[in-house]
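Engineer: here is a sequence with its predicted model. Questions after.
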Amino acid sequence: MSVLVVGSLALDTIETPFGAVDNALGGSATYIAAAASYFVVPIRLVGVVGGDFPKQGISFLKGRNIDLEGLQVVEDGKTFRWSGKYHYDLNVRDTIFTDVNVFEKFNPIIPEKYRKSKCVCLGNIDPGLQSKVLDQMHNPRVIICDTMNYWIERKNKELRETLKSIKVLILNDSEARLLSKEPNLITAGKVIRAMGPSVVIIKKGEHGALLLTEQMIFSAPAYPMENISDPTGAGDAFAGGFVGWLARTDDLSEENLKRAVIYGSTLASFCVEKFGVDGLADLTYLQIQDRFREFRELSRFEEGD
Ligand code: AMP
């Protein structure tokens, strides 16, 4: 399946207990597209950057075979900037600032050749923009959407509108509680599914992820990691691995959704090993498959006598 990714391209300033970077390449679309590019090529990208976006950012995306026809460059504008600081508990992060810059006036125009993409992945951006993208698409087979607390709090009505049209929503545990107003994650999943998406994936940081459909609850483990450098983008890398696998296999069965969740977790685990997008820069498909198999071993056990 052809894949369209829409989302933010950013310059991130990140501090973790293990190091810091200034103006590093980031953004939801960057991470999603990079992760998905290990499964299908080309990935089509729609987003916006300013004239200050570094050439290395473009080279990174082109190097991953990402089609940039849909990337708008506002020469006299500034690229979206985000800054986050992580605590010793890496599941806790404070947003230091979000400067939307060129995103404030962004009008996502989907190039003609992208409009028939069968798989649409709406990265974490203003839900009003996510809906504008969907309005331009010709009958996609699967729409996957990511969001975050920033939009749940500020654009709740618009987000609820977008949710009516999508199949899979990916969000983390605190966001699921915020959106559903339910403390229990299983109940939260049901409440969110009633808002539109038939599949809800709730990520639980280092505790794995839950896949919830009408028929099934699947609990995926997280990869046990001793060395995490930077958790930024883990959620987006998860979405990219998930989308990439579905697009590669063109199979939306429940068994294949489970595999897609494990591929999502696999890409997220590679992402956090290095700062920024470096963990997604030069993997091999063999490395990805090896780690996928390690996931299977993690929670396999024999019944005994
Ligand atoms: P994650 O760690 O998966 O939540 O993704 C972090 C990435 O999301 C960073 O590279 C940020 O640039 C980007 N980001 C943070 N806040 C927003 C926002 N409000 N809208 C769009 N992208 C964002």
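Structural biologist: Happy to help now that I have it.

Engineer: is Val21 in a helix, a strand, or coil?
Structural biologist: Applying DSSP: H, G, I helix; E, B strand; the rest coil to Val21 yields a three-state assignment of strand.

Engineer: that one against Ile14, yeah?
Structural biologist: Yes - using C-beta atoms under 8 Å, Val21 is in contact with Ile14, at 5.3 Å. No exception for glycine: its C-beta is placed from N, CA and C like everyone else's.

Engineer: the more surrounded of those two?
Structural biologist: Regarding Val21 and Ile14, a neighbour count based on other C-beta atoms under 10 Å identifies Ile14 as having more, with 25 against 19.

Engineer: what does the model give that one for pLDDT?
Structural biologist: What the model reports for Ile14 is a pLDDT of 97.

Engineer: got a list of what it touches?
Structural biologist: 20-21, 24, 26, 83-86, 230, 232, 275-276 (C-beta atoms under 8 Å, 6 or more residues apart in numbering).

Engineer: which among those residues end up buried?
Structural biologist: 21, 24, 26, 83-84, 86, 230, 232, 275-276 (16 or more other C-beta atoms under 10 Å).

Engineer: can you tell me which of those residues are up against the ligand?
Structural biologist: Applying C-beta under 6 Å from any ligand atom, the subset of the buried ones among the contacts of Ile14 adjacent to the ligand comprises 26, 232.

Engineer: just the ones of the buried ones among the contacts of Ile14 in strands?
Structural biologist: 21, 24, 26, 83-84, 86 (DSSP state E).

Engineer: from those, pick the one nearest Ala194.
Structural biologist: Closest approach to Ala194 among these (C-beta to C-beta): Gly84, at 31.7 Å.

Engineer: find the nearest non-adjacent residue to that closest one, please.
Structural biologist: The spatially closest residue to Gly84, leaving aside those adjacent along the chain, is Arg93, at 5.0 Å (C-beta to C-beta, 6 or more residues apart in numbering).

Engineer: same question for Phe39.
Structural biologist: Closest to Phe39 by C-beta to C-beta, 6+ apart is Gly244, at 3.1 Å.

Engineer: distance from the chain centre to the helix or strand where that neighbour lies, please.
Structural biologist: If you go by DSSP states H and E, Gly244 is part of helix 234-249. Mean-position distance between helix 234-249 and its chain equals 8 Å (C-alpha atoms, centre = their mean, to the nearest Å).

Engineer: okay, the angle between that helix and strand 19-26?
Structural biologist: Using axes from the mean of the first three to the mean of the last three C-alpha atoms, to 10 degrees, the inter-axis angle of helix 234-249 relative to strand 19-26 is 40 degrees.

Engineer: ok, which residues in the stretch 101-250 of the chain are in contact with the ligand?
Structural biologist: Looking at the ligand, the residues of the stretch 101-250 of the chain close enough under C-beta under 6 Å from any ligand atom are 124-125, 148, 150, 232-236.

Engineer: about what we covered before: which element follows the helix holding Gly244 toward the C-terminus?
Structural biologist: Assignment by DSSP H and E places the next element after helix 234-249 at helix 254-271.

Engineer: mind listing the strands for the stretch 101-250 of the chain?
Structural biologist: 119-122, 142-146, 168-172, 199-203, 209-212, 217-220 (DSSP state E, counting those that start in this stretch).

Engineer: most neighbours per residue, which of the ones you listed?
Structural biologist: Sort the strands of the stretch 101-250 of the chain by mean neighbour count, taking mean count of other C-beta atoms under 10 Å, and strand 119-122 sits at the top with a mean of 28.
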